[in-house]
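1. Give me a 3D structure for the following:
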Amino acid sequence: MCESCDSSPTSSTEGRRRFLRFAGLGAGTLLLAGVLPNKALLAAEKTAAPPKPQNAINPDQALQRLAKGNERYVSGNSTTHDFKDEREALVSGQNPFVAVLSCSDSRIAPEYAFDTARGDLFAIRVAGNFVTGEGLASLEYAVAVLGAPLILVLGHESCGAIDAGIKAVKDGTVFPGHIPKLTDALKSSIEKVLKQPGSLIENATAQNVRDTVESLKKATPLLTAALEKGQLKIVGGVYRLATGKVEIFA
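-> Below is the predicted model:
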């Protein structure tokens, strides 16, 4: 059940206050940069009650909650959510406890896989679950403005984008339209595992997740600042199609 609150960051000034709180940047720094107006300087330390107080948790708690949600999903004991009350509680704003970068595959639904409710999971999806400029900006927004303490990069078995990337690398296959943008983005991860034993597509899927996690950990200034202050954790995992189990490994 979600809880509503009477005040939320609806104005631009309130949004900047949340930015200060979650990104850990000083008001003076932003003032000099011209981001924060003078009248908001003294008010920058004020905070508003989050729409979902239960989501105001630290990175380790967020990861534990995510794992428990996946356990419920795998066992078939997912929670029944009151969508009406959830909708009403979130009209004023949002404070998700996790941001997920996952593949666009129709078989992968992060909200279901982790048994989350509305307002819990901030989703960025692209075939192949790699970082684009727009995807990075979205994750920065989730962390710096919305206060998400956890980012999960979620790959999955039998990924069509990874398979296409392998064909492009190994066989020189050229796909029509803009699909080569996907295969080009995955090329580096695939090349790293070409000579590894075992399934190439499984190895490439895992390597792509690891590379994406490492890329996000080096994303300055917002994500690196949140990581350094212990306000953020970035992990990776692979979704198993048959069971629904998510294996966290990076």
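
2. Show the subsequent helix or strand relative to the helix or strand of the chain with the lowest mean pLDDT.
-> Within the chain, no helix or strand scores below helix 27-32, which has a mean of 38 by mean pLDDT, DSSP states H and E. For helix 27-32, the following helix or strand on the C-terminal side (DSSP states H and E) is helix 59-75.

3. And the helices in the chain, which stretches?
-> For the chain, the helices defined by DSSP state H occupy 12-23, 27-32, 59-75, 83-89, 110-113, 133-144, 160-171, 180-192, 200-217, 222-228.

4. Pull the distance from the third one to the chain's centre.
-> In this case it means helix 59-75. Counting by CA atoms, centre = their mean, to the nearest Å, helix 59-75 is centred 15 Å from the centre of its parent chain.

5. Now S138. Nearest residue, chain neighbours left out?
-> Excluding the flanking residues, the one nearest S138 by CB to CB, 6 or more residues apart in numbering is I124, at 4.9 Å. In short, each C-beta sits where N, CA and C put it, glycine included.

6. contacting residues for the one you found?
-> By CB atoms under 8 Å, 6 or more residues apart in numbering, the residues touching I124 are 99-102, 135, 138-139.

7. The spatially closest residue to P96 that is not a sequence neighbour - how many residues pack around it?
-> The shortest distance from P96 to any non-neighbouring residue, by CB to CB, 6+ apart, is to F122 (4.2 Å). Using other CB atoms under 10 Å, F122 has 22 other residues around it.

8. Roughly how far does F122 sit from S138?
-> 8 Å (CB to CB, to the nearest Å).

9. Find residues that contact each of the two.
-> Common neighbours of F122 and S138 (CB under 8 Å, 6+ apart) are A99.

10. Without its sequence neighbours, what residue ends up closest to L154?
-> Going by CB to CB, 6+ apart, L154 has S102 as its nearest residue, at 4.0 Å.

11. show me what contacts the one you found?
-> Contacts of S102 by CB under 8 Å, 6+ apart are 108, 110, 123-125, 129, 152-156, 239.

12. ok, and what's touching stretch 138-149?
-> Counting by CB under 8 Å, 6+ apart, residues outside stretch 138-149 touching it are 15, 18-19, 21-23, 50, 56-59, 61-62, 94-99, 101, 122, 124, 131, 151, 216, 219, 222-223, 226, 231-233.

13. Return the members of those classed as buried.
-> Buried by 16 or more other CB atoms under 10 Å: 18-19, 21-23, 50, 57, 59, 62, 94-99, 101, 122, 124, 131, 151, 216, 219, 222-223, 226, 231-233, out of those.

14. hang on, the earlier thing: list the beta-bridge partners for the residue nearest to P96.
-> A99 (DSSP bridges).

15. show me the contacts for it.
-> F122 neighbours (CB under 8 Å, 6+ apart): 94, 96, 98-100, 138, 142, 146, 148.

16. go again using 10 Å as the cut-off
-> F122 makes contact with 94-101, 110, 138-139, 141-143, 146, 148, 151 under the criterion CB atoms under 10 Å, 6 or more residues apart in numbering.
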